[in-house]
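*Asks:* no sequence on this one, just coordinates:
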């Protein structure tokens, strides 16, 4: 049965390709890469929201309705906490809020940038000697803050339009849902291309960006359902833990989704498929060309210096 399943997934790409993506994710220890992104995202989220609400409170003092709409739309991008912080008064801090928000946002954004670059370079098997140095990588991390900021502004604008025209009917809601996904695709395209030291084109990262945008939209929908059915029915004490754990779970699922979708691109571009079905479990397996290419790239990614040479050989394999 195992041999038949192996031959089947090697023959049909619609089965073999997803398996190769999952195996590449496991080879790269994608869960650890996602956990690091989750940590910095969790640390930076509240300072960024504090900074946002404080700045809007100063800039839009004479337009409280617009300020409240912008804050509410921005918070709804994080459905697990959006309902709990929908009132602008829940997040405010004046001058101290600006200072804390800037410090926390910079620390978190730089951390997310470092974690994202490490994840993308690992996904694309970039040798260590070709990755940016610590100073340059932190400068590049500032781009992440700009990308996320621009994406937040764009998605907030789409959300505002969707709320304004949502009463027109179901077709209008579908239109703005599609518009939101298109904006997210553009954000993921830029992120997947910018945050790797390997020279890749937008065409190389389109499949992963499209899948990531769709799954991100579904995650936001799931988060809203989570809040509606679990958090709101919890007691005052339990709801605090439900919100915190729910937020961590949401951020981790989002990070896993991003890393897993990023794996789609190198598997397709470098043709790291099909993989032997039992290759993660035993040495008693006949490697495919995709296996050999994946293991070769993984070994060469450990090259620390340009004058270091890494050669990979495979001994005779069992028949």
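*Replies:* That came through fine. Values in this document were obtained by computation on a predicted structure and should not be read as measured data.

*Asks:* which parts of the stretch 201-319 of the chain are helices?
*Replies:* Here the stretch 201-319 of the chain has its helices, by DSSP state H, counting those that start in this stretch, at 202-226, 236-269, 289-300.

*Asks:* check which residues of the first one are buried.
*Replies:* I take that to be helix 202-226. For helix 202-226, the neighbour count (16 or more other C-beta atoms under 10 Å) marks 204-213, 215-216, 219-220, 223, 226 as buried. Placement of C-beta: from N, CA and C, glycine included.

*Asks:* tell me what angle it forms with helix 236-269.
*Replies:* 160 degrees (axes from the mean of the first three to the mean of the last three C-alpha atoms, to 10 degrees).

*Asks:* residues touching helix 202-226, excluding its own?
*Replies:* For helix 202-226, the surrounding residues in contact (C-beta atoms under 8 Å, 6 or more residues apart in numbering) are 77-80, 177, 180-182, 184-185, 187-189, 192-193, 246, 250, 253-254, 257-258, 261-265, 268-269.

*Asks:* how about the shortest one?
*Replies:* By C-beta under 8 Å, 6+ apart, the list of residues contacting helix 289-300 from outside reads 20, 23-24, 27-28, 125, 127, 270-276, 279, 287, 310, 312, 314.

*Asks:* if we go to 10 Å?
*Replies:* Under the criterion C-beta atoms under 10 Å, 6 or more residues apart in numbering, residues 10, 16-17, 20, 23-24, 27-28, 122, 124-127, 266-267, 270-276, 279-280, 285, 287-288, 308-314, 317 lie in contact with helix 289-300.

*Asks:* of all the helices of the stretch 201-319 of the chain, which lies closest to residue 42?
*Replies:* Smallest distance to residue 42 across these (C-beta to C-beta): 5.7 Å, for helix 236-269.

*Asks:* buried sites along that closest one?
*Replies:* In helix 236-269, counting by 16+ other C-beta under 10 Å, buried: 239, 242-243, 246-247, 250-269.

*Asks:* quick check: buried residues in the helix or strand hosting residue 122?
*Replies:* Assigned by DSSP states H and E, residue 122 belongs to helix 94-123. Neighbour-count burial for helix 94-123 flags 97, 100-101, 104-106, 108-123 (criterion: 16+ other C-beta under 10 Å).
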